[in-house]
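A.B. asks: What follows is a predicted structure for the sequence shown.
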Amino acid sequence: MYYRYGRGETNKQETNILSKKPHILPRDQHPISRKHIGISALKVLNRLKEGGYDSLLVGGCVRDLMLGITPKDFDVTTNASPEQVRSLFKNARLIGRRFRLAHIRFGREVIEVATYRKPPDDDVETSDSGRLLRDNVFGTQQQDAMRRDFTVNALYYDIRDFSVIDYAGGVKDLEHRVIRVIGKAEQRYREDPVRMLRAIRFASKLDFSIAPGTAKPIYLLGGLLNDIPPARMFEEVLKLFHSGYAERTLEMLREYGLFAQLFPQVERYLGSLDNMEHSVLPHALRSTDARIREDKPVTPAFLFAAMLWDELQKHITRLMHNGLPHQQALYMASAEVISEQCRRMVIPRRFSTPMKDIWAMQARFERRRGKQALRLLQHRRFRAAYDFLLLRVLAGEAEQSLADWWTEFQEVSKSKQEAMISALSNKAKGKHRKRKSDKNQ
Ligand code: ATP
Ligand code: MG
């Protein structure tokens, strides 16, 4: 049970939270225990505390711990400057141009330590649409809370007395399962349009609703996402679709009109379908979600291959209609579809190359005679391409019997594989003979 606000206290955190004292939840009024905090994060917290600095967990990890969810990572915040943090830790490195942060490394794990930051004030540098270009001015803890995106992301866990500090009403919003912007939603989205994507990401991941004042401007401001640098956009798209809740995220993004900003080609196609299940996309997202839940690896190449597959088919059809043979049409269509998508976001080559392989291998699944099937099986992306074939079966565009053949072919001995290939030739000969005799009758 969370701390409840007293009678008469309102939920108007959209007002100026600087004028309010924080709500402090002592140890016995919240569920966070040191048992749930990673060892490395605890080391960092304790070292900062011993150094005489403020030392707190903040952001998604406090939110998740309050909800009983295991956090992805732990972010620490302090009043120590990045240089002071570096002098406390041998394993610290200062990073970031836009925000200077300390990264403390423990093997493969990195704990990020950020110095309290101020929200932007009037003389801060912004773009024409109001986007922040620089906001790295250090501030107080309270100011640090103000510049965060949502109330539930602005909770602090203080290692000195194990209390949770809430400046923005995040505890109440956790209790009511609401995502609510801190401050004026429109202004906060103009400062950083990615916050609109984040609202949807958290709402779908946590199964929270979005407060009306936080939701409404999104319908109008989606176009601001055009301004986001393509590399950041790619990162955000991965966070959206590799969250474990990709299917729900797609639905919400479409509902708010944001998906059209991210994948205009795909939105046009999905909008033209009367049944989404005829696209590989929902099947791919479902399978990605399941893999993430089972802790299996996922790759952006597979996600993007599925996103753009239907569009690819349209391009191939057009190019073949114009007289290109299939192979060439596929090659050109892949380049067209990818370059169109790259107007919105970077797709690094290390992902676009395997994407093209997954696409190109689909037609090769049909050609199994002679050495073709064995050669395909040796391909380093066979597994991803085969998984993709299974999605095409679910979408009703490839034969179940073809997928079954490949499922069996991977599992049997060499001699059985050869037998499977000759059986194909015999079957083909049989068909040919039957056609001939039908004709002669
Ligand atoms: P996740 O569980 O996905 O890591 P998170 O809330 O920790 O979620 P991060 O991107 O790791 O998200 O950011 C850490 C914290 O930094 C957030 O909780 C929020 O307080 C703040 N933050 C991150 N991005 C923004 C932003 N664009 N605008 C304002 N505050 C932000
Ligand atoms: Mg985080």
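C.D. replies: Done, it's in. What you see is a predicted model, and the numbers here were worked out from it, not measured in a lab. Residues are numbered from 1 along each chain as shown. Ligands and ions are numbered 1, 2, ... in the order given.

A.B. asks: By proximity to ligand 1, which residue of the stretch 1-150 of the chain wins?
C.D. replies: For the stretch 1-150 of the chain, the residue closest to ligand 1 is G60, as judged by Cβ to the nearest ligand atom, at 2.2 Å. (Glycine included, C-beta is placed from N, CA and C.)

A.B. asks: ok, that residue to E247 distance?
C.D. replies: Distance, G60 to E247, by Cβ to Cβ, to the nearest Å: 21 Å.

A.B. asks: Can you list the buried residues in stretch 183-190?
C.D. replies: Buried residues in stretch 183-190, defined by neighbour count with 16 or more other Cβ atoms under 10 Å: 183, 185-186, 188-190.

A.B. asks: Ok, stretch 29-38 next?
C.D. replies: Result for stretch 29-38 [16+ other Cβ under 10 Å]: buried residues 30, 32, 37-38.

A.B. asks: where does the protein have low pLDDT?
C.D. replies: The model of the chain has pLDDT under 70 over residues 1-19, 98, 122-126, 130-136, 428-441.

A.B. asks: Would you map out the domains in it?
C.D. replies: Split into domains by automatic domain parsing, the chain comes to 23-228, 277-410.

A.B. asks: To F241, which of these lies closest?
C.D. replies: domain 277-410 (5.5 Å; Cβ to Cβ).

A.B. asks: which SS state does V62 fall under?
C.D. replies: helix (DSSP: H, G, I helix; E, B strand; the rest coil).

A.B. asks: What is the burial count for the residue in the stretch 201-350 of the chain positioned nearest to ligand 1?
C.D. replies: Using Cβ to the nearest ligand atom, the closest approach of the stretch 201-350 of the chain to ligand 1 is made by K239 at 6.3 Å. K239: 15 surrounding residues under other Cβ atoms under 10 Å.

A.B. asks: Tell me the helix or strand right after the helix or strand containing it.
C.D. replies: Secondary structure assignment for K239, by DSSP states H and E: helix 230-241. Past helix 230-241, further along toward the C-terminus, the next helix or strand under DSSP H and E is helix 246-255.

A.B. asks: Next up, the contacts around the closest residue to I32 other than its chain neighbours.
C.D. replies: The shortest distance from I32 to any non-neighbouring residue, by Cβ to Cβ, 6 or more residues apart in numbering, is to L65 (4.6 Å). Contacts for L65 were tallied using Cβ atoms under 8 Å, 6 or more residues apart in numbering; they are 31-32, 36-37, 57, 71, 157.

A.B. asks: re earlier: surely the residue of the stretch 201-350 of the chain closest to ligand 1 meets R201?
C.D. replies: Yes - using Cβ atoms under 8 Å, K239 makes contact with R201 at a distance of 6.2 Å.

A.B. asks: returning to that earlier point: how near is the residue of the stretch 201-350 of the chain closest to ligand 1 to V76?
C.D. replies: 21 Å.

A.B. asks: cool, R291 as well?
C.D. replies: Distance from R291 to V76, by Cβ to Cβ: 30 Å.

A.B. asks: And the two? Which one has more around it.
C.D. replies: Using other Cβ under 10 Å, the more surrounded residue of R291 and V76 is V76, with 23 against 17.

A.B. asks: that's a strand at the more buried one, yeah?
C.D. replies: Yes - according to three-state DSSP, V76 belongs to a strand.

A.B. asks: residue contacts, it?
C.D. replies: V76 sits in contact with 41, 44-45, 48, 55-58, 111-114, where contact means Cβ under 8 Å, 6+ apart.

A.B. asks: switch the cut-off to 6 Å
C.D. replies: V76 makes contact with 44, 111, 113 under the criterion Cβ atoms under 6 Å, 6 or more residues apart in numbering.

A.B. asks: burial of the second one, as a residue count?
C.D. replies: Think I111. When counting by other Cβ under 10 Å, one arrives at 24 neighbours for I111.

A.B. asks: what do you get for the first one?
C.D. replies: Using other Cβ under 10 Å, V44 has 28 neighbouring residues.

A.B. asks: pretty sure it is in contact with I104, am I right?
C.D. replies: Yes - the criterion here is Cβ atoms under 6 Å, and V44 meets it with I104 at 5.4 Å.

A.B. asks: what residues are shared contacts of the two?
C.D. replies: Common neighbours of V44 and I104 (Cβ under 6 Å, 6+ apart) are I111.

A.B. asks: Turn the contacts of V76 into a markdown table, columns for distance to E83.
C.D. replies: Formatted as a markdown table, the contacts of V76 follow (distance: Cβ to Cβ, whole Å):
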| residue | distance to E83 |
| --- | --- |
| V44 | 16 |
| I111 | 17 |
| V113 | 12 |
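
A.B. asks: Find the residue at the geometric middle of the protein.
C.D. replies: K239 (1.8 Å; Cα atoms, centre = their mean).

A.B. asks: which ones are touching that residue?
C.D. replies: By Cβ under 6 Å, 6+ apart, no residues touch K239.

A.B. asks: do that again at 7 Å, thanks
C.D. replies: R201 (Cβ atoms under 7 Å, 6 or more residues apart in numbering).

A.B. asks: Roughly how far does it sit from R198?
C.D. replies: 8 Å.

A.B. asks: how about the strands in the stretch 1-150 of the chain?
C.D. replies: Assigned by DSSP state E, counting those that start in this stretch, the stretch 1-150 of the chain shows strands spanning 23-25, 56-58, 75-78, 92-95, 101-106, 109-115.

A.B. asks: The first one pairs with which strands, and in what direction?
C.D. replies: What it means is strand 23-25. strand 163-166 (antiparallel) (DSSP bridges).

A.B. asks: hmm, the strand it pairs with touching ligand 1?
C.D. replies: No - Strand 163-166 stays clear of ligand 1 (Cβ under 6 Å from any ligand atom), getting no nearer than 12.8 Å.

A.B. asks: next one: that strand to chain centre, how far?
C.D. replies: 29 Å (Cα atoms, centre = their mean, to the nearest Å).

A.B. asks: Quick one: neighbours of H242, just the number.
C.D. replies: H242: 18 neighbours (other Cβ under 10 Å).

A.B. asks: Excluding covalently adjacent residues, which one is nearest to it?
C.D. replies: Counting by Cβ to Cβ, 6+ apart, the residue nearest H242 is V298, at 5.8 Å.
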